[in-house]
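A.B. asks: Got a predicted structure plus its sequence, pasted below:
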Amino acid sequence: MKAYKQTLKLAILAGLIGSGTVFHNMAADLTAVRATNETGHTRVVLDMQGLPNGWSSIYNENGQQLKVHLPATTNKTSGPVQYNNRNSGVLKGVSLVATNDGLDMSLAVNQDVRYHIFTLEEPDRVVLDLFNNYEQRTTKSLKSGVTHTQWDTSTDTGRVKVDVLEIGPLEPVEAVTGHEGGQNLQELAPAGAIAVGIHKVGSVEPRVEKDSDVSTIKTASGAIIPIVDSREITPSASIRYVPSQGYVFDLQSKKLQLTEGDKTYVVNGINRSRGANELIAYNTYYGTSTGTNIYGQEVTIRKNKVVAKNQANSLLASGDIVLSGHGTMIPVLQALQVGDVVDLQIIQPVATISKVGTMLASDDYIVLRDSVATSYDEGRYRGRTLLGVKVDGSLVVLVASGNYRAYTGITLAQGGARLKQFGAINGIDVGFNQDNDIWANGVYIHRDVTSSGPALYERAIIFP
């Protein structure tokens, strides 16, 4: 009974979260139910016309049954559940019962499961992932200095499959560019080499547009200063191979300064933990909030105007910058009031970025920094291609399968946590929300199965 109560509590919480989600349509029609069975996993897809206004769910562990209520939903299915096969998976059967306020769905399972429910639009679908706690991890050597780990596991949101290469600091790398129109990895890789795709043909780097078209603002002193776009302060990072050092993580971060009257203060850092007597700036690339304790002062700035003040753990919204001060910096921020124009400016760095060694990739999406996985979680479960660096100069290449059949993909935050599990201390996302291919020993040891045939790449990294 204890286990049932714990599961019920989680299920009710999931239901409340779902019920709080507002969709475009208050009424919906269920037109078909499809189930894809894989070992230890079943994905149930409800084809809809319109989406329900949330849902509620209860899982009975003892009875091995999940009940889902879809409010204001009508059953308009014209046939039974469509299965890809009945020889695997965790689903035994589905029943639908109309109620006064919607539709009840009961899903009987053949073992204890976890589950995750989410919606998709264009076309409208409700997706239920049912999965067990399957865990399988195998590691083998591909050649001296390079190991390959295949890891099939699960999270709270579904099954996850990752392929990981660990490359020693003495193993060199080459960055290669495909011919016009791109090439697949087996065409790019010399015989006996290992290749990892970086940029697919047609892949678009996700970037956020600037927050404002207004370029300047007048301060209380009458000075005209440029507005600091919250997107512009986001640190970026690159990973290079330097023969004498191994694989190196370089962080590039803008310098900010805050001026109040005749005093100017240099911001100590951007999107990192706050230390004693420090002034730190945060934007949404850090996470959903600053995560600071009560021993400080924070102001939220939008287009160089103070829009909120808080003592700690301020929310990070799109377009906002939060300045967080500790110790001697507290009075500096306390002097600012809501509505004030803040003289916050970017100081252009004078240092140039090192070009020593071979550049593998660079990106704004830092998923692991100083052994701390990012709190930035955009909520998108995607295929991922991540690069990480260990303290000894080794490289970690982690590729997670996308949201396809038995697998759900991972978020950036989950990716950072998994890089850390393999010993990385810093890491970036380089796949543009995709899992790229890996070619080794004459075969694809990882493929993006959502692409038709081996993908074509504009750029790849080769380990000879």
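C.D. replies: All right, it came through fine.
A.B. asks: Do you have the helices of this structure handy? List them.
C.D. replies: With helices called from DSSP state H, the chain shows them at 2-19, 185-188, 330-334, 412-421.
A.B. asks: Return the member of the ones you listed having the minimum mean pLDDT.
C.D. replies: In terms of mean pLDDT, the lowest-scoring of the helices of the chain is helix 2-19 (a mean of 36).
A.B. asks: can you pull out the strands in the stretch 251-400 of the chain?
C.D. replies: 255-260, 263-266, 269-270, 279-282, 297-302, 305-310, 320-325, 343-347, 358-363, 366-369, 372-373, 384-390, 395-400 (DSSP state E, counting those that start in this stretch).
A.B. asks: List of residues touching the first one?
C.D. replies: Meaning strand 255-260. 228, 233, 264-267, 270, 279, 281, 323, 332, 335-336, 342-349 (Cβ atoms under 8 Å, 6 or more residues apart in numbering). Glycine gets a C-beta too; all of them are placed from N, C-alpha and C.
A.B. asks: Run the angle between that strand and strand 297-302 for me.
C.D. replies: Using axes from the mean of the first three to the mean of the last three Cα atoms, to 10 degrees, the inter-axis angle of strand 255-260 relative to strand 297-302 is 100 degrees.
A.B. asks: model confidence over strand 255-260, on average?
C.D. replies: 94.
A.B. asks: which parts of it are buried?
C.D. replies: K255, L256, L258, T259, E260 (16 or more other Cβ atoms under 10 Å).
A.B. asks: Now for V322: which residues touch it?
C.D. replies: Contacts of V322 by Cβ under 8 Å, 6+ apart are A281, Y282, N283, T290, E298, V299, T300, I301, S314, L316.
A.B. asks: Can you go through the residues you listed and name the buried ones?
C.D. replies: Applying 16+ other Cβ under 10 Å to the contacts of V322 flags A281, Y282, N283, T290, E298, V299, T300, I301, S314, L316 as buried.
A.B. asks: what's the domain layout of the chain?
C.D. replies: For the chain, automatic domain parsing gives the domain ranges 2-131, 136-206+364-463, 216-236+246-347.
A.B. asks: mind checking the end-to-end distance for the second one?
C.D. replies: Domain 136-206+364-463 has an end-to-end distance of 27 Å (criterion: Cα to Cα, to the nearest Å).
A.B. asks: Please apply the same query to stretch 321-337.
C.D. replies: End-to-end distance for stretch 321-337: 15 Å, by Cα to Cα.
A.B. asks: Could you check it and say which residues are buried?
C.D. replies: Under the neighbour-count criterion of 16+ other Cβ under 10 Å, stretch 321-337 has I321, V322, L323, S324, G325, H326, M329, I330, V332, L333, L336 buried.
A.B. asks: same thing with stretch 36-54?
C.D. replies: 36-38, 40-48, 50-54.
A.B. asks: next one: stretch 444-459
C.D. replies: I445, H446, R447, D448, P454, A455, L456, Y457, E458, R459.
A.B. asks: I'd like to know which helix or strand in this protein has the lowest mean pLDDT.
C.D. replies: Using mean pLDDT, DSSP states H and E, the weakest-scoring helix or strand in the chain turns out to be helix 2-19, at a mean of 36.
A.B. asks: quick revisit: redo the buried residues of strand 255-260 as CSV? Include distance to P243.
C.D. replies: Shown next, in CSV, are the buried residues of strand 255-260 (distance: Cβ to Cβ, whole Å):
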residue, distance to P243
K255, 31
L256, 35
L258, 41
T259, 44
E260, 48
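A.B. asks: quick check, nearest of those residues to P123?
C.D. replies: Nearest to P123 among those is L256, at 45.0 Å by Cβ to Cβ.
A.B. asks: how close does that closest one sit to I225?
C.D. replies: 12 Å (Cβ to Cβ, to the nearest Å).
A.B. asks: shared neighbours of the two, anything?
C.D. replies: Q345.
A.B. asks: ok, now how distant is the residue nearest to P454 when sequence neighbours are not counted from G197?
C.D. replies: Excluding its sequence neighbours, the residue lying closest to P454 (Cβ to Cβ, 6 or more residues apart in numbering) is N184, at 4.1 Å. Remark: distance between N184 and G197 (Cβ to Cβ) = 9 Å.
A.B. asks: T328: what's its closest spatial neighbour, skipping adjacent residues?
C.D. replies: Closest to T328 by Cβ to Cβ, 6+ apart is N277, at 4.7 Å.
A.B. asks: Report the contact partners of the one you found.
C.D. replies: So N277 contacts H326, G327, T328, M329 (Cβ under 8 Å, 6+ apart).
A.B. asks: before we move on, what about L395?
C.D. replies: Counted by Cβ under 8 Å, 6+ apart, L395 has contacts 165-167, 169, 171, 173, 239, 241, 246-247, 360, 387-389.
A.B. asks: same deal with N310?
C.D. replies: E298, V299, T300.
A.B. asks: what's across from the last one in the sheet?
C.D. replies: Spelled out, it's T300. With DSSP bridges applied, T300 shows beta-bridge pairing to A308, V322.
A.B. asks: Please tell me how far it sits from V146.
C.D. replies: Distance from T300 to V146, counting by Cβ to Cβ: 47 Å.
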